[in-house]
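Engineer: Sequence below, structure please.
(one chain, ligands or ions: 2)
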Amino acid sequence: MDEGKMDENEWRYHGEGNKSLVVAHAQRCVVLRFLKFPPNRKKTSEEIFQHLQNIVDFGKNVMKEFLGENYVHCGEVVQLPLDFVKQLCLKIQCERPESRCDKDLDTLSGYALCLPNLARLQTYQFAERRPILCVEIKPKCGFIPFSSDVTHDMKHRVCRYCMHQHLKVATGKWKQISKYCPLDLYSGNKQRMYFALKSLLQEAQNNLKIFKNGELIYGCKDARSPMADWSELAHHLKPFFFPSNGLASGPHCTRAVIRELVRVITRVLLSGSDKGRAGALRSGPGLRGPPVCEASPFSRSLRCQGKNTPERSGLPKGCLLYKTLQVQMLDLLDIEGLYPLYRRVERYLEEFPEERKTLQIDGPYDEAFYQRLLDLSTEDDGTVAFALTKVQQYRVAMTAKDCSIMIALSPCLQDASSDQRPVVPSSRSRFAFSVSVLDLDLKPYESIPHQYKLDGKIVNYYLKTVHAKDATVMSTRFKESEDCTLVLHKV
Ligand SMILES: O=P(O)(O)O[C@@H]1[C@@H](OP(=O)(O)O)[C@H](OP(=O)(O)O)[C@H](O)[C@H](OP(=O)(O)O)[C@H]1OP(=O)(O)O
Ligand SMILES: Nc1ncnc2c1ncn2[C@@H]1O[C@H](COP(=O)(O)OP(=O)(O)OP(=O)(O)O)[C@@H](O)[C@H]1O
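Structural biologist: Ligands and ions are numbered 1, 2, ... in the order given. Reported below is the predicted structural model:
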């Protein structure tokens, strides 16, 4: 990229989250990722540069190690002309969802991250002529805490995502409770994974987006977004899954197309070679905690039918979901066990503020930082060193609980080789695919007290309002017979 000759008209708004905003180049397969801040939050250009460089270093030295070279794209920090950034900011403002406009794009430093556009197959530098479908999933935390520091029994039975849903609906963030449960997606059991993916398609919230040729065609910006339209989605997807077949339109076609999509995504999620050092964590967290969440409609429906709980995770060890789960499980103590250790580090820093640098609280995220994450002992010897290791592991785990997985699918031409990229078959076509992870920014040390308070709020709200009315909730969630229909489909 020639930073000297930047033209805002060559870039389009692509998407944003709570902390960054992304624009995509119209022709080339690259994006620029800018940081966002609340208005009046003054950060120097040097601080912003350092923040971005930390993101790159953390990706390179930690996440690539855990998740594997092929899945992680760190990008590089670029310096852009300030005039270009200001014009770009004005140009895209009207496309930003209102709910995200509480923060402004950083137009003062001129720094951004340049990354491959993961909504297209990233092995090519230039946009391919072949159509590309991309599914982005933010799976969230895939396990139930196993720590003995947990004080509410409910946290050992219902996962955080399912509990948090109720608070989110009560506060107006989303309109309705999703049937998605991360434990179903991470189960490795195909039926549970189908159910999880279908639930995401029904109620995408911020957990699912679909792009066609880099354009968002499915996803939900906020609670005011219109209801998801499956027939419109199927219309977009039909040429991918039934390319030369005159499948009639209508509900039958919609169902067939959605089913193909769900099957292909499941296969891709279960694929993968065992590269990366998540294995370094295998002797540690392992598969602990209950295998199902009591609030998941899938497990509830099995119980309704008098069937046993489904089997424990069958995720293949090489797949990205497995590796992500291993990193999430670095949260060995749960926030309840971690918070006192955070307080210990805080007290130490109050006494010796100059030590903040030595403790690598704000980086550098280098090889030494990575090596310390591999110490999985939970025996507290009362030292600051022990507390610090657990705090840093918690931050890394929280990062893995909030990252997104991008799956890019490109139809293979009949009998053509796929340029050595992996291929996934569907019933009427084949796709070359790539899987990547995004949003691997290490969670800040300062967010720990917020996590502690939020955890209490989520559990208390669930206990007070939902669990008390459990019988009612259960009957409403099971009015729709399709919950069971999916379970009964042969895989
Ligand atoms: O706490 P959670 O689980 O609600 O996660 C937050 C996300 O909300 P979600 O529940 O996924 O809708 C939240 O996503 P949204 O802004 O709601 O789309 C952010 O990802 C937030 O991370 P950060 O503070 O921007 O680094 C996330 O905060 P962290 O907890 O990961 O720091
Ligand atoms: N390299 C990329 N290629 C294509 N799209 C991307 C890329 N990076 C980010 N995006 C898109 O931009 C959106 C916002 O990016 P990201 O999730 O990194 O924002 P964030 O503000 O850090 O998120 P959060 O709200 O979780 O803190 C993503 O959901 C994704 O759709």
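
Engineer: Quick check: buried residues in stretch 134-152?
Structural biologist: Using 16 or more other Cβ atoms under 10 Å as the test for burial, stretch 134-152 gives 134-147, 150, 152. (Each C-beta comes from the backbone N, C-alpha and C, glycine too.)

Engineer: what do you get for stretch 77-89?
Structural biologist: For stretch 77-89, by 16+ other Cβ under 10 Å, it's Val77, Val78, Leu80, Phe84, Val85, Gln87, Leu88, Cys89.

Engineer: For this protein, which residues are neighbours of ligand 1?
Structural biologist: Gly17, Asn18, Lys19, Asn206, Met398, Asp402, Lys443, Ser447 (Cβ under 6 Å from any ligand atom).

Engineer: Which ones among the residues you listed lie within helices?
Structural biologist: Among the residues of the chain next to ligand 1, the members falling in helices (DSSP state H) are Met398.

Engineer: Pull the most distant pair out of the residues of the chain next to ligand 1.
Structural biologist: Farthest-apart pair in the residues of the chain next to ligand 1 is Asn206 and Ser447; separation 17.9 Å (Cβ to Cβ).

Engineer: Neighbour count for those two, which is higher?
Structural biologist: Remark: of Asn206 and Ser447, Asn206 carries more neighbours, 18 against 12, as counted by other Cβ atoms under 10 Å.

Engineer: hang on, isn't that one packed against Ile137?
Structural biologist: No: if you go by Cβ atoms under 8 Å, Asn206 and Ile137 don't touch, sitting 10.6 Å apart.

Engineer: residues contacting the closest residue to ligand 2 within the stretch 251-400 of the chain?
Structural biologist: At 9.8 Å from ligand 2, Thr399 is the closest residue in the stretch 251-400 of the chain, using Cβ to the nearest ligand atom. For Thr399, the contact set (Cβ atoms under 8 Å, 6 or more residues apart in numbering) comprises Met63, Val327, Leu440, Asp441, Leu442, Lys443.

Engineer: Quick one: neighbours of the residue of the stretch 351-491 of the chain found nearest ligand 2, just the number.
Structural biologist: Closest contact between the stretch 351-491 of the chain and ligand 2, by Cβ to the nearest ligand atom, is at Asp439 (3.7 Å). Asp439 has 18 neighbouring residues, counting by other Cβ under 10 Å.

Engineer: same deal with Asp57?
Structural biologist: 17.

Engineer: Identify each buried residue in the strand or helix carrying it, please.
Structural biologist: According to DSSP states H and E, Asp57 maps onto helix 45-58. Neighbour counts over helix 45-58 (16+ other Cβ under 10 Å) mark Ile48, Gln50, His51, Leu52, Gln53, Asn54, Ile55, Val56, Asp57, Phe58 as buried.

Engineer: Then stretch 316-328?
Structural biologist: Gly318, Cys319, Leu320, Leu321, Tyr322, Lys323, Thr324, Leu325, Gln326, Val327, Gln328.

Engineer: Out of those residues, which is nearest to ligand 1?
Structural biologist: Nearest to ligand 1 among the buried residues of stretch 316-328, with distances taken as Cβ to the nearest ligand atom, is Gln328, at 11.2 Å.

Engineer: Could you find the closest non-adjacent residue to the closest residue to ligand 2 within the chain?
Structural biologist: Nearest to ligand 2 in the chain, going by Cβ to the nearest ligand atom, is Gly17, at a distance of 2.2 Å. Leaving out its chain neighbours, the residue that sits closest to Gly17 by Cβ to Cβ, 6 or more residues apart in numbering is Asp439, at 6.8 Å.

Engineer: what pLDDT does that neighbour get?
Structural biologist: We have a pLDDT of 95 for Asp439.

Engineer: separation between it and Ala24?
Structural biologist: Noted for Asp439: a distance of 16 Å to Ala24, by Cβ to Cβ, to the nearest Å.

Engineer: same check, this time on Thr107
Structural biologist: In terms of Cβ to Cβ, Thr107 sits 18 Å off from Ala24.

Engineer: With Gln360 instead?
Structural biologist: Taken as Cβ to Cβ, the span from Gln360 to Ala24 is 34 Å.

Engineer: Ok, Phe240 next?
Structural biologist: 20 Å.

Engineer: Ok, Lys323 next?
Structural biologist: 27 Å.

Engineer: same check, this time on Ile137
Structural biologist: 19 Å.

Engineer: Give me the next element, helix or strand, following the helix or strand where Val327 lies.
Structural biologist: Assigned by DSSP H and E, Val327 belongs to helix 320-328. Past helix 320-328, further along toward the C-terminus, the next helix or strand under DSSP H and E is helix 334-351.

Engineer: quick one, what contacts the residue of the stretch 351-491 of the chain closest to ligand 2?
Structural biologist: Applying Cβ under 8 Å, 6+ apart, the residues near Asp439 are Gly17, Lys138, Asp402, Cys403, Ser404.

Engineer: And this structure, what are its domain boundaries?
Structural biologist: Under the assignment the TED database, the domains of the chain span 8-117, 133-244+251-466.

Engineer: Now the two most distant members of the contacts of Thr399.
Structural biologist: Checking these with Cβ to Cβ, the most distant pair is Val327 and Asp441, at 14.0 Å.

Engineer: Can you list the helices and strands that the lengthiest helix in the chain packs against?
Structural biologist: Scanning the chain for the longest helix, with DSSP H as the assignment, gives helix 251-270. If contacts are counted by 3 or more Cβ pairs under 8 Å, 6 or more residues apart in numbering; DSSP states H and E, helix 251-270 sits against strand 133-137, helix 190-202, helix 230-241, helix 320-328, strand 404-411, strand 423-425, strand 430-438.

Engineer: ok, now which ones touch the closest residue to Trp230 other than its chain neighbours?
Structural biologist: In space, and not counting its chain neighbours, Trp230 is closest to Thr254: 5.3 Å by Cβ to Cβ, 6+ apart. Thr254 makes contact with Trp230, Ser231, Leu233, Ala234 under the criterion Cβ under 8 Å, 6+ apart.

Engineer: Now list the buried members of those.
Structural biologist: Trp230, Leu233, Ala234.

Engineer: how many other residues sit next to the residue lying closest to the second one once chain neighbours are set aside?
Structural biologist: Using Cβ to Cβ, 6+ apart and skipping the chain neighbours, the partner closest in space to Leu233 is Tyr218 (5.1 Å). Neighbour count for Tyr218, taken as other Cβ under 10 Å: 19.

Engineer: any idea how far Tyr218 lies from Glu8?
Structural biologist: The spacing between Tyr218 and Glu8, counted by Cβ to Cβ, is 27 Å.

Engineer: I'm done for today, thanks for sticking with me.
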